[in-house]
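In: heads up, no residue letters with this:
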RNA sequence: GGCGCUUUCGUCUAGCGGCUAGGACACAUGCCUCUCACGCAUGGAACACGGGUUCGAUUCCCGUAGGCGCUACCA
């Protein structure tokens, strides 16, 4: 135990003090960037910044069959929006390129050859059909020490035969030769010492015949080594293959500079079992991608945080706290700079985190309220346009100012009415309609109207209109100075009825503010309409 | 099935042998108030189970059960 701790410290220290911290985010361009990937990238970014290190953007496109056009650009655009900056890599330049694995074929070939020459790997000629047959024949078949001698590979074939087959262009893969019966230790910054016996590992394919490219495992190790990566921060799904990676570093003779590993817990579905998937977003009405994604093949559109009205700071803040926490003494509202300062891999939790989109909305609410009204105007303007309203930025900012602390009611997927803070600018329209459109009918069954409009109300409002006619300064302040004393004097409480006139319902901002916004003419017009309609 | 990781309020989590088990979201109530709210205050709510180790376990160890992941010529 003590030894393990010391070893742990040793690796950590070596990589933190003797070498410049270099980390990477290396997605495959197979589609839009999943929100879990965004968090992984964020943690890499925070770690790099905290240690004055470098963050590398590498594209792992060794599966030519799954390449999706536009995915790379989408990923880059996502990080631009989120404010996660890279120091080198695809589109950023740097001295360790090329950074796209499909452009590094020659490099990998050289290293595959090294492994082959050293007897650390071997050729295998088994066809997919033969492998399937074997899998059918042997339950839980695994290509390893117990089975490899029954297969067609350079361990069972003569050197001449192998030579001939290769020259004849027979398709082959290269497999790592795993020596069974030894414990492989992975030192993980989050999970401590993880120990696995090599006997359960299989002879993983390192080089594929299908597309003449290495597999992830080989490319990853070669690139991390060549790019001088010091810390590998990635999702937990890689933990089972980490021992293979350790063995590969060993096989290459790179154990001395092997990076530290940190395997992050996964993001889980908000409800039910399993990890967060694209479907959950569709089902529960929240995005699982940073940006809206238009699938080039199916034409399907997946919603994005940006388009839903989330602020990038809110997404970053929310995501940072999903699986990591700086402790009790800190507020949960943290800027990027604060996150960089506080981030600590060893404070990452080890268990999967359910994705709580209600809390995500709360974070957005917080950041939205921090913004000046003017910042809402462009998004709000869009909404008004969609509803056929022409306005001006000043008027919109004014509405936003008045509405900033209001809520909306929404219907969730089970059909329940729920209340929610204004979390998105787009939620504003149902609440602000009356600023721009006069009420054209009144719901007599409405509780608020029933309670606040009775026989005497019409004449009271008529009287109130006469008083309003006399107000010269129709600003909120001007109205207040004239109306407040008048109301006091006559013992009136006209606000709720007045609200019905101007809004048509029991909602909205302060009445003086609203009246001032509408102006004297419109205010009186709406009152006249209400009086004649409700009687 | 095999292997690995994991288990504190509904959710995200703090806790690193001795605490009335803390915070945040959500929920409920109250205050505020010209409405809906915001804000503020208060409240309900958790150590999966069973064995050890120990004077003492939420905390350390071992089992059981649950959850998650991996088990491809995908990454």
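Out: Here it is on my side, so go on. Every value quoted in this text rests on a predicted model; they were computed, and no experiment measured them.

In: For the rest of this, base every contact and every neighbour count on C-alpha atoms.
Out: Fine.

In: Stretch A:19-38 and RNA strand B, are they touching?
Out: Yes - with C-alpha under 7 Å from any atom of the strand as the criterion, RNA strand B is reached by stretch A:19-38 at A:27-28.

In: and that stretch, how far from the chain's centre?
Out: Relative to the centre of its chain, stretch A:19-38 is centred 12 Å away, using C-alpha atoms, centre = their mean, to the nearest Å.

In: list the buried ones in that stretch?
Out: Buried residues in stretch A:19-38, counted by 16 or more other C-alpha atoms under 10 Å: A:20-38.

In: for stretch A:338-357, same thing?
Out: Neighbour count says stretch A:338-357 has A:339-340, A:342-345, A:348-350, A:352-357 buried, by 16+ other C-alpha under 10 Å.

In: Can you list which of the residues you listed are found in helices?
Out: A:339-340, A:342, A:357 (DSSP state H).

In: between the residues you listed, which is nearest RNA strand B?
Out: residue A:357 (7.9 Å; C-alpha to the nearest atom of the strand).

In: Just the pLDDT at that closest one, thanks.
Out: On pLDDT, residue A:357 comes in at 90.

In: What residues does the stretch 201-350 of chain A have near RNA strand B?
Out: Residues of the stretch 201-350 of chain A lying near RNA strand B (C-alpha under 7 Å from any atom of the strand): A:204-205, A:207-211, A:214-217, A:236-241, A:266, A:268, A:270, A:272-275, A:321-328, A:331-332, A:347-350.

In: doesn't residue A:55 make contact with residue A:90?
Out: No - between residue A:90 and residue A:55 there is no contact under C-alpha atoms under 8 Å: 11.6 Å.

In: Between those two, which has more neighbouring residues?
Out: Higher neighbour count among residue A:90 and residue A:55: residue A:55, with 25 against 17, using other C-alpha atoms under 10 Å.

In: Check for me that the more buried one belongs to a helix.
Out: No - when classified by DSSP: H, G, I helix; E, B strand; the rest coil, residue A:55 is found to be strand rather than part of a helix.

In: Okay, and the beta partners of it?
Out: Counting by DSSP bridges, residue A:55 is bridged to residue A:23.

In: how close does it get to residue A:21?
Out: 9 Å (C-alpha to C-alpha, to the nearest Å).

In: Show me whatever sits in contact with both of the two.
Out: Shared contacts of residue A:55 and residue A:21, defined by C-alpha atoms under 8 Å, 6 or more residues apart in numbering, are found at residue A:48.

In: which residues touch residue A:232?
Out: A:23-24, A:259-262.

In: how does it look with 7 Å?
Out: A:23, A:259-262 (C-alpha atoms under 7 Å, 6 or more residues apart in numbering).

In: Out of those residues, which comes closest to RNA strand B?
Out: Nearest to RNA strand B among those, with distances taken as C-alpha to the nearest atom of the strand, is residue A:262, at 10.8 Å.

In: so what's that closest one bridging to?
Out: residue A:233.

In: Would you check that it makes contact with residue A:187?
Out: No - counting by C-alpha atoms under 7 Å, residue A:262 sits too far from residue A:187 to count as a contact (8.3 Å).

In: related to what we said a few turns ago, could the contacts of residue A:232 go into JSON lines alongside distance to residue A:76?
Out: Converted to JSON lines, those look like this (distance: C-alpha to C-alpha, whole Å):
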{"residue": "A:23", "distance to residue A:76": "17"}
{"residue": "A:259", "distance to residue A:76": "25"}
{"residue": "A:260", "distance to residue A:76": "26"}
{"residue": "A:261", "distance to residue A:76": "25"}
{"residue": "A:262", "distance to residue A:76": "24"}
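
In: what residue ranges in chain A score low on pLDDT?
Out: A:1-17, A:404-422 (pLDDT under 70).

In: What are the contacting residues of the helix or strand containing residue A:37?
Out: For residue A:37, the host element (DSSP states H and E) is helix A:35-50. With C-alpha under 7 Å, 6+ apart as the test, helix A:35-50 has contacts from A:21-25, A:54-55, A:84, A:233-235, A:267, A:288-290, A:319-320, A:339-341, A:343.

In: and if we set it to 8 Å?
Out: Residues outside helix A:35-50 that contact it (C-alpha under 8 Å, 6+ apart) are A:21-25, A:27, A:53-55, A:84-86, A:233-235, A:264, A:266-267, A:288-290, A:316, A:319-320, A:339-341, A:343-344.

In: before we move on, the earlier item: of the contacts of residue A:232, keep whichever come out buried.
Out: Buried among the contacts of residue A:232 (16+ other C-alpha under 10 Å): A:23, A:259-262.

In: Nearest to residue A:401 among those residues?
Out: Closest to residue A:401 out of the buried ones among the contacts of residue A:232 is residue A:23 (43.3 Å), distances taken as C-alpha to C-alpha.

In: List the residues that contact that closest one.
Out: Shown in contact with residue A:23 (C-alpha under 8 Å, 6+ apart): A:44, A:48, A:53-56, A:229-233.

In: okay if I get those as JSON lines plus distance to residue A:64?
Out: JSON lines is the format used below for these (distance: C-alpha to C-alpha, whole Å):
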{"residue": "A:44", "distance to residue A:64": "26"}
{"residue": "A:48", "distance to residue A:64": "30"}
{"residue": "A:53", "distance to residue A:64": "32"}
{"residue": "A:54", "distance to residue A:64": "28"}
{"residue": "A:55", "distance to residue A:64": "25"}
{"residue": "A:56", "distance to residue A:64": "22"}
{"residue": "A:229", "distance to residue A:64": "25"}
{"residue": "A:230", "distance to residue A:64": "28"}
{"residue": "A:231", "distance to residue A:64": "27"}
{"residue": "A:232", "distance to residue A:64": "24"}
{"residue": "A:233", "distance to residue A:64": "25"}
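
In: quick check, nearest of those to residue A:197?
Out: Using C-alpha to C-alpha, the contacts of residue A:23 come closest to residue A:197 at residue A:232, 21.8 Å.

In: ok, that closest one to RNA strand B distance?
Out: 14 Å (C-alpha to the nearest atom of the strand, to the nearest Å).

In: you'd agree residue A:121 is up against residue A:155?
Out: No - using C-alpha under 8 Å, residue A:121 makes no contact with residue A:155, being 9.8 Å away.

In: more crowded one of the two?
Out: Comparing residue A:121 with residue A:155 by other C-alpha under 10 Å, the one with more neighbours is residue A:121, at 24 against 17.

In: Next up, the contacts around the more buried one.
Out: A:112, A:115, A:174-177.

In: how near is it to RNA strand B?
Out: Residue A:121 is 14 Å from RNA strand B, where distance means C-alpha to the nearest atom of the strand.

In: Name whatever forms a beta bridge with that residue.
Out: Counting by DSSP bridges, the residues bridging with residue A:121 are residue A:176.

In: I'd like to know how far it sits from residue A:501.
Out: Distance from residue A:121 to residue A:501, by C-alpha to C-alpha: 83 Å.

In: Show me which residues of the stretch 51-200 of chain A sit near RNA strand B.
Out: So the stretch 51-200 of chain A meets RNA strand B at A:60-63, A:66, A:125-128, A:140, A:142, A:171-173, A:191, A:194-196, A:200 (C-alpha under 7 Å from any atom of the strand).
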